[in-house]
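Student: here's a sequence, model it:
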Amino acid sequence: MSIPWRSSAAALQEILGRHGVTPGGACAMEAAWAAFEEFVQVPVEGIEATDDDGDGFIVEWGVWDWNAGRPAVSLGRLLAVNDDGDGDGDRSDPYWQPQYWKVEFQACFAEDPAWAGLHVSGAGDSGFDHAAIGGPRADALSATLRLIEQDPLLSAMWRSTPTHTEVTLDRAG
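Tutor: Below is the predicted model of the structure:
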């Protein structure tokens with residue numbers, strides 16, 4: 001089963017719901033991760049091939065202006081859309097580039113005194129991984145989970161309960 005890229009946020013929300021995660025409220029990050037692992041294994045229609053970096057994922061964490069300066073974790077899937085449906089661009093143009101869209105689950109947390117020594121300011125990320133769907137992506141997800149478990153700030157947030165979550169689909173960069 002594959003999904004159209006424009007339906008990717010709805011697909012993520014549906015998978016989150018099956019794992020007991022309702023966007024807008026609190027959740028267990030382990031359940032959100034399990035849903036994300038399932039979601040990034042679903043093929044998406046209308047994007048560039050994985051070997052052309054058409055489909056990748058990233059985990060980001062930190063404090064950003066757009067979430068009122070609260071500590072946050074983002075589980076994102078970056079899609080290089082080659083079929084945006086609006087007739088934007090000519091693929092025969094040698095400078096043509098796909099549009100990049102990001103499907104994101106973001107969890108925001110309340111400040112926690114236990115994090116004070118962990119330098120919550122700033123941000124970090126796992127880097128984009130464009131491993132192919134299936135075994136290679138499962139291996140990449142396992143490696144990313146090990147990174148999450150080893151980073152002091154990220155693992156502290158991971159063990160906490162977010163105060164707010166949301167799913168978005170926005171044009172990236």
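
Student: which residues does the residue nearest in space to the middle of the chain contact?
Tutor: The C-alpha lying nearest the average C-alpha coordinate of the chain belongs to Gly76 (CA atoms, centre = their mean; 1.2 Å). By CB atoms under 8 Å, 6 or more residues apart in numbering, Gly76 lies in contact with 57-60, 102-105. The way it works is simple: take the backbone N, C-alpha and C, and place the C-beta from them, glycine included.

Student: and the next element down the chain from the helix or strand harbouring it?
Tutor: Counting by DSSP states H and E, the secondary-structure element that holds Gly76 is strand 71-81. Toward the C-terminus, strand 71-81 is succeeded by strand 99-108 as the next helix or strand (DSSP H and E).

Student: number of residues surrounding Ala110?
Tutor: Residues near Ala110, counting by other CB atoms under 10 Å, number 11.

Student: quick one: contacts for it?
Tutor: By CB under 8 Å, 6+ apart, the residues touching Ala110 are 70, 163.

Student: checking it next. Helix, strand or coil?
Tutor: Here Ala110 is recorded as coil under DSSP: H, G, I helix; E, B strand; the rest coil.
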